[in-house]
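S.K.: Sequence unavailable; structure follows:
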């Protein structure tokens, strides 16, 4: 593997600006790596090598001309296949849109291109990004670089696998019920779900859509901060801008997390293995994560067993997600019921069944949930819990049939560890938390108060620097070894 591919986005963009490496060299290495490993993991599903090579040449010419360039200038990147890319196929993992070529970029893609990213292709997703296991009828299943017979998670599973396989250091994901956090956990990388509106994600039908978020994934917290510096900031919608902008995250680019032996001194942490509501979690996951609590104490934090009161989080998440699916995919289900997977039909039908009385009750439940969030963060600075309830499972399954002996009635049940946090609206970060004896990655979920995103990343970086789990490469066979 080319040594360049092991470097961070922060390092690579600095090297491009210093003319120590060209964008063309990076793109060539990136494309070679896709050729080597993608037949094994199926992470990248659309590729434009000619367009990427031409864009890299223009990026190098801009550097040679000596003008100002963006933060991500010349960096090759595949994008999530649910994010619209102007002039490049965007299928959403659906046979109905297998040949769709958008006429405009989504906001996150527009901002990444403005920052200088060289778009090379698209990475795989579940159909319409529904579920945390990446498979669809268009491209098949994405698998895990650490165990190619296991799931890479989802819905940003193609990105998680690409990062772990050293195809690229950084990329764009999205997260409604754990779609950056669970693949981060499964693939031993970092996934960040920001606070509401920090990266705006309005939909054509709802400028106030709050449950889904755009967020980055990377192999380091500092690279996540680089993405946020380049992309965060207000847009015409939603009408109320978030109090954080790109420059809010720039301070993290100058930090290495090692300025003091106790960078979390005085930080109060509540940890819960079951989120205080009996969420089942495999013993293999808990055994690894419970061993990490001492790391936070060694960094200066006070760790106690405590949880946000999440008793109504399942209700809030389930109803809000169902309403979103009914609003955005209801017409698709009506027109093509035989060409949409059953999990989507189930979610849409749940949305159609909601009454005004139901919605009034859900709104009241969300209000009570926010009061309980406020109470928790009056006593603690940070919440810790498992990112995923299971280790990466057999990729041939649609989803696990049980978790820790508890049957899963729906495809969402094994994702509750992420879904209940989504219901709070809080910023959440998944960082590598270690490996099982079999070498399967386990992720640790850090949750901070609303708009405390910068401190959340700083604390995550301190943990990352102390543990170094993300530096463990997968023993991934290349297509040449098959």
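M.R.: Everything's here; your move. All figures in this text were calculated on a predicted structure; none of them were measured in a lab.
S.K.: What residues does residue 208 make contact with?
M.R.: By Cβ atoms under 8 Å, 6 or more residues apart in numbering, the residues touching residue 208 are 202, 238. Yep, even glycine has a C-beta here, placed from its N, CA and C like the rest.
S.K.: Just the element for it, please.
M.R.: For residue 208, there is no enclosing helix or strand under DSSP states H and E.
S.K.: can you give me the helices for the stretch 151-300 of the chain?
M.R.: With helices called from DSSP state H, counting those that start in this stretch, the stretch 151-300 of the chain shows them at 157-164, 181-187, 221-231, 246-250, 283-290, 293-298.
S.K.: oh sorry, the question was meant for the stretch 351-482 of the chain
M.R.: 356-377, 416-424, 453-467.
S.K.: and among those helices, the most buried is which?
M.R.: helix 416-424 (a mean of 26; mean count of other Cβ atoms under 10 Å).
S.K.: quick one: contacts of that one?
M.R.: With contact meaning Cβ under 8 Å, 6+ apart, helix 416-424 is reached by 132, 175-178, 181-182, 193, 211, 275, 277, 279, 281, 308, 310, 313-314, 316-317, 320-321, 366, 369-370, 373, 385-389, 412, 428, 445, 447.
S.K.: confidence score at residue 254?
M.R.: Looking at residue 254, its pLDDT reads 88.
S.K.: quick one: it from residue 27, how far?
M.R.: For residue 254, the distance to residue 27 equals 28 Å [Cβ to Cβ, to the nearest Å].
S.K.: where's the residue most central in space within the chain relative to residue 129, distance?
M.R.: The chain has residue 180 as the residue nearest its centroid, 1.8 Å off, counting by Cα atoms, centre = their mean. Distance from residue 180 to residue 129, counting by Cβ to Cβ: 11 Å.
S.K.: so where is the stretch 251-400 of the chain shaky, pLDDT-wise?
M.R.: Where the stretch 251-400 of the chain drops to pLDDT under 70, the residues are 256-259.
S.K.: Apply 90 and report the result again.
M.R.: Of all residues in the stretch 251-400 of the chain, those with pLDDT under 90 make up the ranges 254-261.
S.K.: ok, now the stretch 1-150 of the chain?
M.R.: Residues of the stretch 1-150 of the chain that meet the criterion pLDDT under 90 lie in 1-2, 67.
S.K.: returning to what we had before: residue 254 and residue 27: which is more packed in?
M.R.: Taking other Cβ atoms under 10 Å, residue 254 and residue 27 do not tie; residue 27 has more neighbours (24 against 8).
S.K.: Secondary structure element holding the more buried one?
M.R.: Using DSSP H and E, residue 27 maps to helix 23-41.
S.K.: From the contact counts, what lies against that helix?
M.R.: With contacts taken as 3 or more Cβ pairs under 8 Å, 6 or more residues apart in numbering; DSSP states H and E, helix 23-41 sits against helix 9-17, strand 44-47, helix 49-65, strand 76-80, strand 118-123, strand 143-144.
S.K.: out of these, which comes closest to residue 349?
M.R.: If you check each of the helices and strands packed on helix 23-41 against residue 349 by Cβ to Cβ, strand 76-80 wins as the nearest, at 26.2 Å.
S.K.: Describe which strands the closest one pairs with in its sheet and in which direction.
M.R.: Strand pairing for strand 76-80, using DSSP bridges, gives strand 118-123 (parallel).
S.K.: Could you check the angle the partner strand makes with helix 157-164?
M.R.: Counting by axes from the mean of the first three to the mean of the last three Cα atoms, to 10 degrees, strand 118-123 lies at 130 degrees to helix 157-164.
S.K.: quick one: buried residues of strand 118-123?
M.R.: Using 16 or more other Cβ atoms under 10 Å as the test for burial, strand 118-123 gives 118-123.
S.K.: coming back round to it: list just the one of the helices of the stretch 151-300 of the chain that sits closest to residue 205.
M.R.: When those are compared by Cβ to Cβ, helix 221-231 sits nearest residue 205, at 23.3 Å.
S.K.: Just want the angle from that closest one to helix 9-17.
M.R.: Helix 221-231 and helix 9-17 are oriented at 60 degrees to each other (the same axes, to 10 degrees).
S.K.: which helices and strands sit right next to helix 221-231?
M.R.: Helix 221-231 packs on helix 9-17, helix 107-114, strand 170-175, strand 190-193, strand 213-218, helix 246-250, strand 428-435, helix 453-467, going by 3+ Cβ pairs under 8 Å, 6+ apart.
S.K.: Distance across stretch 125-141, terminal residue to terminal residue?
M.R.: 9 Å (Cα to Cα, to the nearest Å).
S.K.: got the buried residues for it?
M.R.: Residues of stretch 125-141 classed as buried by neighbour count (16+ other Cβ under 10 Å): 125-136, 138-139, 141.
S.K.: Strands - which of these land there?
M.R.: Taking DSSP state E as the definition of strands, the buried residues of stretch 125-141 contribute 135-136, 141.
S.K.: Same list (the residues you listed) but as JSON lines, adding distance to residue 222.
M.R.: JSON lines is the format used below for these (distance: Cβ to Cβ, whole Å):
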{"residue": "135", "distance to residue 222": "32"}
{"residue": "136", "distance to residue 222": "33"}
{"residue": "141", "distance to residue 222": "31"}
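S.K.: and of the helices of the stretch 151-300 of the chain, who's closest to residue 267?
M.R.: helix 293-298 (7.9 Å).
S.K.: hang on, the earlier thing: winner for burial among the helices and strands packed on helix 221-231?
M.R.: Highest mean neighbour count of the helices and strands packed on helix 221-231: strand 190-193, a mean of 31 (counted as mean count of other Cβ under 10 Å).
S.K.: Just give the strands next to that strand in its sheet, each with its orientation.
M.R.: Here strand 190-193 is paired, per DSSP bridges, with strand 213-218 (antiparallel), strand 428-435 (antiparallel).
S.K.: I'd like the mean pLDDT over it, please.
M.R.: Here the average pLDDT along strand 190-193 is 98.
S.K.: hmm, who's touching it?
M.R.: For strand 190-193, contacts defined as Cβ under 8 Å, 6+ apart pick out 156, 160, 173, 175, 180-185, 213, 215-221, 223-224, 228, 387, 421-422, 427-432, 443, 457, 460, 464, 470.
S.K.: In space, what's closest to residue 124 - neighbours in sequence excluded?
M.R.: In this structure, residue 124 finds its nearest non-sequential neighbour in residue 158, 3.4 Å apart by Cβ to Cβ, 6 or more residues apart in numbering.
S.K.: wait, what's in contact with that neighbour?
M.R.: Applying Cβ under 8 Å, 6+ apart, we find residue 158 in contact with 42-45, 78, 80-81, 122-125, 134, 142, 152.
S.K.: Residue 398 too?
M.R.: Residue 398 sits next to 131, 133, 135, 343, 411 when contact means Cβ under 8 Å, 6+ apart.
S.K.: how distant is the host helix or strand of the fourth one from the center of its chain?
M.R.: Take DSSP H and E as the rule and residue 343 turns out to sit in helix 342-353. What separates the centre of helix 342-353 from the centre of its chain is 24 Å, taken as Cα atoms, centre = their mean, to the nearest Å.
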